[in-house]
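**Q** build me a model:
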Amino acid sequence: MATPISRRTILTAGAGAVAGLSLPGVAQAGSSTRVRFTLDATVLDGGEQVTSVTLDTSRLGRIDPASLTTGTFSVHAKATSPIPIAPGDQIFSEYDLDRPVTAARLDRHGDIVLDLSFAEGQVGGGTLGYILSRGRNVQLDLVYTITQNTPVVVRGRGPLVIDSFVQGRLVNPEVDRFSYHTSGSGMKYRLFSPTDRRGQRPLIVWLHGGGEGASLPDNYYDNETTLRANRGALGFATDEAQRIFRGAYVVAPQSTSFWLEDGPRFAPLIMEIVDDLARRHHIDRDRIYVAGCSNGGYMSLKMTTTYPRTFAASVPICGVVESLDPGGPVMITDAELAAIGTPTWLVASRDDDTVPPEANTVHAHELIPGSILSLYDHVIWNGHQFPGHWSWIYVARNDPSDHGTHIWQWMAR
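**A** Numbers count the residues shown, from 1 in each chain. Now for the predicted structure:
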């Protein structure tokens, strides 16, 4: 089995079933030869999953694709919490299981790619776990073990059994395009930069939900879950969105706890990031947008009440306006809502049982002058029904429309 060293160091997998395998006429890769592999991930609407593994086999020679089948290799995956789980606490989405291989193929470099079974809601394969007591997503420690069951054929060399496998990094091209940063005040954030940076460019501020903040009592502040838990920020970095916004920067700050804890304190910390980016890059001050979901939906509204002249448009998704605790303080007052002058498009689903839409999103729409409301019955995408709270999926896919104009086009204009 593979032995974890630490979250971000290389994990060395044992030879497993391949160790010491000796078959007549079968060449060994050699005891000093190890094949590294990467974990290839994709952020689905329901969160990030490892969808394939890529073995660095091109250097071994030209592998005959006919020698690859779904049974040539087996893949075992173990996912555990990066921080201790207290007795009686729960973490969802840890696993220790075999990942079914659905295809074995060669990529354009000649490396072997093992495609893995994955789907929305499928157990096993996710990269995040949710700690119940903390209300936080954390990036799981992933240990993958590759076992070779039958030889592969290298042209001009014959059958080959690989000696051992070494796990490399998690690769997600969409996520990896966002660079890592920390503001002067210590708030972490990720930044997507457009390919063409000539001239002034828009800036889109994405504010995450409550589950993606830090858990500082555990010294956990990863700057990862903001991009991996959903497609909220990633949607604005897609080719489609970049065409619509004509090349936009996308910034995703990460709260040191959760936005609702102290919106008035967090607002200037977010604004510090916005101002710093505007100074260092060619940001068009007339095209700065703010959008966010749940906790971030509240924070989007708070940003427009605190900085009424900053944002060209605001998209609060299933945002909190009233207190979620009976008798608790109202998060944004009716007077504040009525004074919002920023063009605002609100999104929610009627079956949201986390942030009831009538008392929050619908109420805000009734008070914010000229606001637009997209109120769905359910959250369904590609035939899969998600929890009603997850209406940010629609915005990440540019689905809401009003009189034929979709939400990204409305923002960009």
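
**Q** please make it C-alpha for all contacts and neighbour counts, starting now.
**A** Noted.

**Q** ok, now which ones touch the spatially closest residue to E120 that is not a sequence neighbour?
**A** Of all residues not flanking E120 in the chain, G46 sits nearest, at 6.2 Å (C-alpha to C-alpha, 6 or more residues apart in numbering). Contacts here follow C-alpha atoms under 8 Å, 6 or more residues apart in numbering; on that basis G46 touches 120-121, 229-230, 386.

**Q** with H109 instead?
**A** Contacts of H109 (C-alpha under 8 Å, 6+ apart): S58.

**Q** does it sit in a helix or strand, and which one?
**A** Applying DSSP states H and E as the criterion places H109 outside every helix and strand.

**Q** re earlier: from T354, how far out is the residue nearest to E120?
**A** 16 Å (C-alpha to C-alpha, to the nearest Å).

**Q** next one: R279
**A** Distance from R279 to T354, counting by C-alpha to C-alpha: 38 Å.

**Q** which of these two has more neighbours?
**A** Comparing R279 with T354 by other C-alpha atoms under 10 Å, the one with more neighbours is T354, at 14 against 10.

**Q** tally of neighbours for the spatially closest residue to the more buried one that is not a sequence neighbour?
**A** Leaving aside its chain neighbours, T354 sits nearest to H389 (6.1 Å; criterion: C-alpha to C-alpha, 6+ apart). Using other C-alpha under 10 Å, H389 has 24 neighbouring residues.

**Q** secondary structure element holding the closest residue to H208 other than its chain neighbours?
**A** Spatially, and ignoring its direct neighbours in sequence, H208 is nearest to G296 (5.0 Å; C-alpha to C-alpha, 6+ apart). Taking DSSP H and E as the definition, G296 sits inside helix 295-306.

**Q** so which elements touch that helix?
**A** Under the contact definition 3 or more C-alpha pairs under 8 Å, 6 or more residues apart in numbering; DSSP states H and E, helix 295-306 sits against strand 201-207, helix 263-280, strand 283-293, strand 313-317.

**Q** let's see it as CSV, backbone CA atoms only.
**A** Taking C-alpha atoms only, helix 295-306 is exported to CSV below (Å, rounded to 0.1, in the frame of the first residue of the first chain):
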residue,chain,number,x,y,z
ASN,A,295,-22.7,33.1,2.7
GLY,A,296,-21.2,34.7,-0.4
GLY,A,297,-24.6,35.8,-1.6
TYR,A,298,-25.0,37.8,1.7
MET,A,299,-21.5,39.2,1.3
SER,A,300,-22.2,40.3,-2.3
LEU,A,301,-25.1,42.3,-1.0
LYS,A,302,-23.0,43.6,1.9
MET,A,303,-20.3,44.8,-0.6
THR,A,304,-22.8,46.8,-2.6
THR,A,305,-24.3,48.4,0.6
THR,A,306,-20.8,49.2,1.9
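
**Q** show me which parts of stretch 113-122 are buried, residue by residue.
**A** By neighbour count with 16 or more other C-alpha atoms under 10 Å, stretch 113-122 contains the buried residues 113-118, 120.

**Q** do stretch 171-191 as well
**A** 171-172, 174-175, 178, 187-191.

**Q** reformat the residues you listed as a markdown table; add distance to P217, pLDDT and secondary structure.
**A** Converted to a markdown table, the buried residues of stretch 171-191 look like this (distance: C-alpha to C-alpha, whole Å; pLDDT from 0 to 100; DSSP: H, G, I helix; E, B strand; the rest coil):
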| residue | distance to P217 | pLDDT | secondary structure |
| --- | --- | --- | --- |
| V171 | 29 | 98 | strand |
| N172 | 29 | 98 | coil |
| E174 | 30 | 98 | helix |
| V175 | 26 | 98 | helix |
| F178 | 27 | 98 | strand |
| M187 | 16 | 98 | coil |
| K188 | 17 | 98 | strand |
| Y189 | 20 | 98 | strand |
| R190 | 22 | 98 | strand |
| L191 | 26 | 98 | strand |
